[in-house]
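Undergrad: Quick check, what structure comes out for this input:
(chains A and B)
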Amino acid sequence: MRPAFFLKESLRSMRRNVVPSFAALASVLVTTLVLGVFIPVVQATNGAADDVRKRVLVDVDLLSGASAATVARVRAELQGAPHVKSVQFVSKQSGYERQRKLNPQAFALIGYNPLPDIFRVTPDRPENSGALRAELDQSSPLGVRLVSDPAIAAVQNRQAQTDRIVSATRVIKITMALLAALLVIASVLLVSNTIRLSLFSRRREVEVMKLVGATDWFIRWPFVLEGLFLGALGGAGAVALLAVAKVTLVDPLANSVRLISRPDMIGFPLLIAILMACAVGVSAAGSGISLRRFLRI
Amino acid sequence: MGTRRERYPPGPMAATDATSLEAAQPALSGSTHPPAASEPSAIFTGPRRGSHPRAQASARPARVVEFRGASKLYGAGDVGLERATFVIRRQEMVFLVGPTGSGKSTIMRLLIKEIEPSEGRVRVAGRDLCEIPRQKIPFYRRNLGVVFQDFKLLPTRTVYDNIAYALQVTGASRKQIRATLPEILRLTGLSTKLHSYPHQLSGGEQQRVAIARAFASHPPLLLADEPTGNLDPETSIGIMQLLYRINRAGTTVIIASHDSGMVDRMRRRVIELRRGRIVRDEASGSYGGREESTDELGERLRREVA
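TA: Residues are numbered from 1 along each chain as shown, chains lettered A, B, ... in the order given. This is a model prediction of the structure:
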């Protein structure tokens, strides 16, 4: 009896308050839609920034003609050094192969392999590349280079490039985080304000219910159910629009644009689940909580 | 006069050995008393008293409402009610009169526990209202019928649903509501307006709906705050008759009114207030005399208004 009664009550009040209900539904739909677009965009941007940052490397050039034993020794030393995440050995030959593929004419002109054996060292964090370089290639106050291993000819970390990457990606990440926070605040305010308005128009009704002896939850349940319905409808509408956009716009581009098809980007089903949960949760909780001040009679 | 068209004569009720206000109710609605409404009303169950207040005047019927030095201050020095002390007994019909701001509404609001007294005690059916915790207030209010000057109906519901809502909040089933409502609709003369919305009704009809809703769960105490304030004299008489009928069926009725002419003609107990103080509390000669029927009351009121 009770659940059926509350269900009937909430359907009745939606039918009776079409305009406020529609406003609430529309605001839920719009904010969900914006959120649904924004989540993948933030992820893609962050992912791209991370990608760029992964390219911060420290190259350790070995003296030419290093033996296999020397290579193994230097590798062990590098792996033991602080701030090192991974070490990749690029032999003279494989480096030559790759470079020649990139620029065959130049290498055809050179005619021989000028490249040294290289260790590509990835620092644990991009910001630490300078420290890592200093660790491996120390200069004494007298200008005499003190390389940590005699087999190492030079240590390079492409200073200028690294600095630019680190600072640019940091700005992007902070901006995105700020935008995301603002958007979440704005959507919560928008939805709660709409709910408040539609409840305010019914505060007299709530007052009468209280006077007749209705308990708080007896009054609240239909409102919460109504919020639930409107949230679900708005969320479903937003998801439908997103699905249409995905099928018509994003999917055809996915193969050509690298940002869209990132493997670690959020999956569409998960995105839908999050959006629906947010839409339903915020509007149901919003109507239940906003009612509080009208219940104090 | 000999023909009794009175729907609810006091006869059968006097015969019931009423143990409380609550027990007196079935006489009114026959045997279809909603069980849901009777449970919260247990608060009103007082000690065993005489069967009829007038038959055994010495037995002193139960005190339904008791104010003991109750004061209410609004803000800084704004007096709503000042040390009010009075007792209203079961089945009394009492008028609170006085100009605007004299404290009538403060008494009403204290009784529905919308506000708390700043000082003193307010007891209903022997229970101190201050002791009722917030979450129990709805259950307390189910024992009261409340009628307002502005009707306070739910605008989006039909007459039937408005009245039914008072029973739905108590958890009554649809079947119980269907069994109870026709009786109340007949009593209030609304049987033909079942499916109308409040805005389709006249003021008098709306007030009848409000009274029907207030009386739907057969509360032992009915409060009416300016019930005829918005109505013309002829309609007011009809409303007064209805309240009188409810009172004669065993419900204690308290009416706030500034229509002193109407109040005097009713010849019931009058408590007059002025600036928060009780300045008059008299029985207006209603006791000891022969009881009128509702129709006789209406006739007399019409005669005196004319």
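Undergrad: Pick out the residue nearest the middle of chain B.
TA: residue B:222 (2.0 Å; C-alpha atoms, centre = their mean).
Undergrad: Domain ranges for chain A, per the record?
TA: A:2-52+A:165-295, A:58-157 (automatic domain parsing).
Undergrad: From one end of the first one to the other, what's the distance?
TA: Criterion C-alpha to C-alpha, to the nearest Å; first-to-last residue distance in domain A:2-52+A:165-295 is 20 Å.
Undergrad: near chain B, anything from that domain?
TA: Yes. Domain A:2-52+A:165-295 is in contact with chain B by C-beta under 8 Å from any C-beta of the partner chain, via A:2, A:5, A:12-13, A:16, A:204-205, A:207-216, A:218. Every C-beta, even on glycine, is put in place using the N, C-alpha and C of the backbone.
Undergrad: Put the buried members of these into a PyMOL selection.
TA: Under the burial definition 16 or more other C-beta atoms under 10 Å in any protein chain shown, those of these that qualify are selected in PyMOL by:
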select buried, chain A and resi 5+13+205+208+209+210+211+212+213+214+215+216+218
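Undergrad: Can you list which of the residues of domain A:2-52+A:165-295 next to chain B are found in helices?
TA: A:2, A:5, A:12-13, A:16, A:204-205, A:207-212, A:216, A:218 (DSSP state H).
Undergrad: Highest mean neighbour count out of the domains of chain A?
TA: domain A:2-52+A:165-295 (a mean of 17; mean count of other C-beta atoms under 10 Å in any protein chain shown).
Undergrad: Determine how far that one lies from the middle of the whole chain.
TA: Centre-to-centre, domain A:2-52+A:165-295 and its host chain are 19 Å apart (C-alpha atoms, centre = their mean, to the nearest Å).
Undergrad: for the record, mean pLDDT for it?
TA: On average, the pLDDT along domain A:2-52+A:165-295 is 82.
Undergrad: cool, and stretch B:299-306?
TA: 79.
Undergrad: same check, this time on stretch B:185-196
TA: Here the average pLDDT along stretch B:185-196 is 90.
Undergrad: Return the set of buried residues in it.
TA: B:185, B:187-188, B:190, B:193, B:196.
Undergrad: Format the CA atom coordinates belonging to that stretch as CSV.
TA: Extracted C-alpha coordinates of stretch B:185-196, given in CSV (Å, rounded to 0.1, in the frame of the first residue of the first chain):
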residue,chain,number,x,y,z
LEU,B,185,-19.3,13.9,3.5
ARG,B,186,-22.9,13.5,4.5
LEU,B,187,-22.4,15.2,7.8
THR,B,188,-20.8,18.2,6.0
GLY,B,189,-23.2,18.2,3.1
LEU,B,190,-20.5,17.7,0.5
SER,B,191,-21.7,14.4,-1.1
THR,B,192,-22.4,16.0,-4.4
LYS,B,193,-19.0,17.9,-4.6
LEU,B,194,-16.8,14.8,-4.3
HIS,B,195,-14.8,15.4,-7.5
SER,B,196,-14.6,19.1,-7.5
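Undergrad: Run through who's touching that stretch.
TA: Contact partners of stretch B:185-196, identified using C-beta atoms under 8 Å, 6 or more residues apart in numbering or on different chains, comprise B:7-8, B:158-160, B:163, B:182, B:201, B:205, B:208-209, B:211-212, B:215, B:242, B:245-246.
Undergrad: List the buried residues in stretch B:102-122.
TA: For stretch B:102-122, by 16+ other C-beta under 10 Å, it's B:102-114, B:117, B:120, B:122.
Undergrad: just stretch B:137-150 next, same as before
TA: B:137-149.
Undergrad: in the helix or strand hosting residue B:178, what's buried?
TA: Residue B:178 is part of helix B:174-188, with elements assigned from DSSP states H and E. By neighbour count on 16+ other C-beta under 10 Å, the buried set for helix B:174-188 is B:176-177, B:179-181, B:183-185, B:187-188.
Undergrad: Can you tell me which of those residues is nearest residue A:190?
TA: residue B:177 (40.1 Å; C-beta to C-beta).
Undergrad: Show the pLDDT at that closest one.
TA: In this model, residue B:177 carries a pLDDT of 92.
Undergrad: Verify the stated contact: it with residue B:168.
TA: Yes. Counting by C-beta atoms under 8 Å, residue B:177 touches residue B:168, with 7.0 Å between them.
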